[in-house]
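Q: Only the shape, not the letters, is given here:
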């Protein structure tokens, strides 16, 4: 699907879509396969030029930088299949778009030539068509790439494709022996997403459970276990009982999961031998970073070459007030989630026992996918009636399954016009070297392939941007009506209509620019700074406007820290 394993899975799965499998069914002109090929071939050409290398040397450098084993093997398979043709065409000074059309990873099904990079100067449509046909004949006659081949059948690549398929099928920990929905494994929906299980052979032991004494066994995995010799009382009883413990849970989409692709992966000036060191971890976490998200961040950032910025979260604020909340977090954010998939499946991944577990702070956020997809029309947008019904099912499930005295923040659909307004004339990472690709260019390209995360907002047509925002406002009206109509038994609810707008407004008042809060690779999601500011904004809003939601500070925090240190970490 590309010339490098990492770009195959990163770009075809994520950069050009929030849910690759779903968008592939509706894409045209080669879809995400085409986009991935084009970006990687373009990168190869840029690397060769930047380092004054041959195309062969640039390709070999990418494979060499990949981790040994599966990823490097997949890269070699792709090079063996397509490399010779790509080398010949790049040396003929063809653009990446034409190269990918020539090796048949991009198509002309709609009669359009979708192009990310500028087309050759002074070439009309007929001349361009002839040039593409000539390049395709050269690719076939000289090097015989297996046209129509599914790259997922190549050695090494097939294993990566299966891993990506798993992302679309399941949102529970892969390694969960006792079936309690918590895991000792870090990735694959493990402790990056949910508090680390301290005993994966006992389904009665997991983060967030009310203590069963914990004299000898840490039944709630918060690192507080044992008995005080002086009082003969357990530390849990002394320091946690009655302190109003709360867990944190997010139910949402890729915004809540904190989708992020390292810009350095497409920026030739930042390429180095360590740039892909963390690829296995990143891929196994679906290009999401819940451990640094506004809802469930729990760790400081140490991989500065792939992600950087301040870290704040609702979970960290609650843990700071009460160290007995340690490890009690769940991030059930799913790339591409919308109200229908959330109500039918995703919400059922919630892990909470009404009687035996502590109450929750819940963030319910579906910020855009009900109006966003790759289709060039409104027929696939959720209607207000559907949105009302879907969210009613979600809220009923939550209220039925969570402990009493839980709280739920409900975020509305945002106004995504801010994306185009703040980014359209700025350069994407892949366009910085030659200063030739803006976000507006990228938006048109993704829409030509019908793989945009959001055709309506990521669009150079202002009418479409306005229509999408109007649809979002109608969905928010339905959501507010639903919250007025419903009666909750176990959950107190607060609605925030457009948290992104509120964060941007505060940031601009301090002299910041909106583009500084948006992911540079996809031009769609809040970046690390945006996530941090969102957490700070929400916590401040609760403290100032809803102080009854803020639990008291545990007076035993210092004693817990002195006795148990980092409480077993994460």
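A: In hand now; what should we look at? In this text the structure is predicted, and so the values were computed from the model without any measurement.
Q: host element of residue 32?
A: In the assignment (DSSP states H and E), residue 32 maps to helix 31-50.
Q: and that helix, what does it pack onto?
A: helix 5-10, helix 20-24, helix 55-65, helix 84-91, helix 96-102, helix 439-449 (3 or more C-beta pairs under 8 Å, 6 or more residues apart in numbering; DSSP states H and E). (Each C-beta comes from the backbone N, C-alpha and C, glycine too.)
Q: nearest to residue 485, of those?
A: helix 20-24 (30.7 Å; C-beta to C-beta).
Q: Please enumerate the strands of the stretch 251-400 of the chain.
A: 329-333, 360-365 (DSSP state E, counting those that start in this stretch).
Q: and for the last one, what are the contacting residues?
A: For strand 360-365, contacts defined as C-beta atoms under 8 Å, 6 or more residues apart in numbering pick out 246-253, 255-256, 295, 314, 318, 352, 394-395, 398, 402-403, 406-411, 491, 499.
Q: Check which residues of that strand are buried.
A: Residues of strand 360-365 classed as buried: 360, 361, 362, 363, 364, 365 (neighbour count, 16 or more other C-beta atoms under 10 Å).
Q: what lines up beside it in the sheet?
A: strand 247-252 (parallel), strand 406-411 (parallel) (DSSP bridges).
Q: Can I get the strands of the stretch 251-400 of the chain in JSON lines including mean pLDDT?
A: Output for the strands of the stretch 251-400 of the chain, formatted as JSON lines (pLDDT from 0 to 100):
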{"stretch": "strand 329-333", "mean pLDDT": "98"}
{"stretch": "strand 360-365", "mean pLDDT": "98"}
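Q: Look up the pLDDT of residue 148 for me, please.
A: What the model reports as pLDDT for residue 148 is 54.
Q: longest single helix anywhere in the chain?
A: Secondary structure assigned by DSSP state H gives helix 462-485 as the longest helix of the chain.
Q: first to last residue in stretch 482-489, what's the distance?
A: 15 Å (C-alpha to C-alpha, to the nearest Å).
Q: er, stretch 117-128 actually
A: Chord length of stretch 117-128, first to last residue, is 14 Å (C-alpha to C-alpha).
Q: same check, this time on stretch 59-77
A: So stretch 59-77: terminal residues 12 Å apart, C-alpha to C-alpha.
Q: ditto for stretch 338-351
A: End residues of stretch 338-351 are separated by 20 Å (C-alpha to C-alpha).
Q: hmm, who's touching that stretch?
A: Residues from elsewhere that reach stretch 338-351 (C-beta under 8 Å, 6+ apart): 171-172, 180-182, 194, 206, 208, 249, 251, 253, 330, 332, 334, 337, 366, 369-370, 382, 386-387, 390-391, 393-394, 397-398, 401-402.
Q: In helices, which of those fall?
A: Mapping the contacts of stretch 338-351 onto helices (DSSP H) picks out 386, 387, 390, 391, 393, 394, 397, 398, 401.
Q: what about burial for these, which qualify?
A: Buried among those (16+ other C-beta under 10 Å): 386, 387, 390, 391, 394, 397, 398, 401.
Q: Same list (those) but as JSON lines, adding pLDDT and distance to residue 123.
A: Formatted as JSON lines, those follow (pLDDT from 0 to 100; distance: C-beta to C-beta, whole Å):
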{"residue": "386", "pLDDT": "98", "distance to residue 123": "46"}
{"residue": "387", "pLDDT": "98", "distance to residue 123": "46"}
{"residue": "390", "pLDDT": "98", "distance to residue 123": "48"}
{"residue": "391", "pLDDT": "98", "distance to residue 123": "51"}
{"residue": "394", "pLDDT": "98", "distance to residue 123": "52"}
{"residue": "397", "pLDDT": "98", "distance to residue 123": "56"}
{"residue": "398", "pLDDT": "98", "distance to residue 123": "57"}
{"residue": "401", "pLDDT": "98", "distance to residue 123": "61"}
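Q: Pipe the ones in helices among the contacts of stretch 338-351 into CSV and attach distance to residue 266 per row.
A: Shown next, in CSV, are these (distance: C-beta to C-beta, whole Å):
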residue, distance to residue 266
386, 37
387, 35
390, 36
391, 37
393, 40
394, 36
397, 40
398, 39
401, 42
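Q: which one of those is nearest residue 437?
A: Lowest distance from residue 437 to the ones in helices among the contacts of stretch 338-351 (C-beta to C-beta) belongs to residue 387, with 35.2 Å.
Q: if I look at that closest one, how far off is residue 509?
A: 32 Å (C-beta to C-beta, to the nearest Å).
Q: thinking again about what came up before, minimum distance to residue 375: which of the strands paired with strand 360-365 has it?
A: Closest among the strands paired with strand 360-365, using C-beta to C-beta: strand 247-252, at 22.0 Å.
Q: Leaving out chain neighbours, which residue sits closest to residue 259?
A: Of all residues not flanking residue 259 in the chain, residue 525 sits nearest, at 4.9 Å (C-beta to C-beta, 6 or more residues apart in numbering).
Q: Oh, that last question was meant for residue 490, not what I typed.
A: Among residues not flanking residue 490 along the chain, residue 404 sits closest, at 4.8 Å (C-beta to C-beta, 6+ apart).
Q: so what pLDDT did that neighbour get?
A: Confidence at residue 404, expressed as pLDDT, is 98.
Q: Repeat that for residue 96.
A: The model's pLDDT for residue 96 equals 97.
Q: Next, the contact list for it, please.
A: Shown in contact with residue 96 (C-beta under 8 Å, 6+ apart): 37, 38, 39, 41, 42, 45, 116, 117.
Q: since we're on the closest residue to residue 403 other than its chain neighbours, how many residues are nearby?
A: Using C-beta to C-beta, 6+ apart and skipping residues adjacent in sequence, the residue nearest residue 403 is residue 359, 4.5 Å away. Other residues within reach of residue 359, judged by other C-beta atoms under 10 Å, total 21.
Q: Would you check that residue 359 makes contact with residue 401?
A: No. Using C-beta atoms under 8 Å, residue 359 is not in contact with residue 401, being 11.9 Å away.
Q: where's the nearest residue to residue 152 once chain neighbours are set aside relative to residue 74, distance?
A: Leaving out its chain neighbours, the residue that sits closest to residue 152 by C-beta to C-beta, 6+ apart is residue 161, at 3.7 Å. Per C-beta to C-beta, residue 161 is found 9 Å from residue 74.
Q: what sits in contact with each of the two?
A: Common contacts of residue 161 and residue 74, defined by C-beta under 8 Å, 6+ apart, are absent altogether.
Q: So between these two, which is more surrounded?
A: Neighbour count, other C-beta under 10 Å: between residue 161 and residue 74, residue 74 has more, with 28 against 21.
Q: what about that one, which helix or strand?
A: helix 70-78.
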